[in-house]
Structures are given as structure tokens and as C-alpha cells.
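coords please:
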Amino acid sequence: SDSVFLGCELTASTKSYTFQVDEEDDSDHILALSVVCLTDGAKDECNVGEVVGRNRENQEIAVPVANLKLSCQPLLSLDNFKLQPPVTFRLAAGSGPVHLAGWHRIVHREDISFEDDDDLSEEAEEELAPIMPAKK
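A predicted model of the protein is given here:
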């Protein structure tokens, strides 16, 4: 697998950034957000950053991930919040600049060994204690 650092900046003039991968790429892609913060030039106003993606029914959904204000919360750690591309980051309120940083991990399918997965599941089953009947 390969990991690449990712960053983007949302401003009044650039309110969104879309991260997508080639549809023909057969690798698995994981996008993880580490931090979102206000950067130089931000005003003391509420800046709401949101993530726009699709749910299981393929409907677009927008979820706020940060409400930043220079005087009280200029930075928020997202603890490697994982997302599945394609995903759009949008500045829903405020003028920014809001910077998002994280990483993009590419897992190549030939790197995945299904034999290892079977071994892990058998080990997990062995560790489970047998279910005992309740005492009356």
C-alpha cells in the first residue's frame, strides 16, 4: 500500500474541493482527515466545514465536521476520520481560509492476501469461550 499526504484550502472564492479517484482503478482508496484549521487571514467568524458524500442509496449527504472560530476554536483534530472517495469538502459558512490536512492510502489488490484473512478468522474463533447455559 502507498500513503500520500493530502491537503486543501477552502476560501470565500474556492468554497469546495472534490477528491476522486479513477473509476477504472481497481485499488482500494482510503482518505483520512487529520486536522482542520483556520489559516492566516481568517476573520473571527464561524467557519463551518462539511463533507459531502453519498449514502448506501447513492443519495448525496452533507455532514458538518468542523465549526471553527478564530477566537475560540481555530483548530480541530479529526483523529484520522476515514472517508471513501469520491468526497467533496465544502465551506458551508464563513469566508475561511480553512485548511484540511490528512492522508490518502492506496491499497493495491495484489497486496491483499486472502489466505492471511482466513488464518486470522480461525484464530479469532479459537479465542472465543464456549457459550455456557444460564444457571436456573
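
Can you tell me the SS state at Glu24?
Recorded secondary structure, Glu24: coil (DSSP: H, G, I helix; E, B strand; the rest coil).

What of Gly96?
coil.

how many neighbours does it have?
23 (other Cβ atoms under 10 Å). Every residue, glycine included, has its C-beta placed from N, CA and C.

now Leu6
17.

my guess is it meets Ile106, correct?
No - counting by Cβ atoms under 8 Å, Leu6 stays clear of Ile106, with 11.6 Å between them.

Would you confirm that Glu50 contacts Gly94?
No - using Cβ under 8 Å as the test, Glu50 is too far from Gly94 to be in contact (11.4 Å).

who has more neighbours, those two?
Neighbours per residue, other Cβ under 10 Å: of Glu50 and Gly94, the larger number sits with Gly94, 22 against 19.

Please report the distance of that one from Phe81.
20 Å (Cβ to Cβ, to the nearest Å).

likewise Arg105?
From Arg105 to Phe81 the distance is 13 Å (Cβ to Cβ).

pLDDT weak spots in the protein?
By pLDDT under 70, the low-scoring segments of the chain are 1, 110-136.

Look at Leu100 and say how many residues are nearby.
Neighbours around Leu100, by other Cβ under 10 Å: 22.

again with Asp44
Neighbour count of Asp44, defined by other Cβ under 10 Å: 11.

Return the backbone torsion pair for it.
The phi and psi values for Asp44, taken as degrees, to the nearest 10, are phi -80, psi 70.

doesn't Ser71 make contact with it?
Yes - with contact defined as Cβ under 8 Å, Asp44 reaches Ser71; the gap is 4.9 Å.
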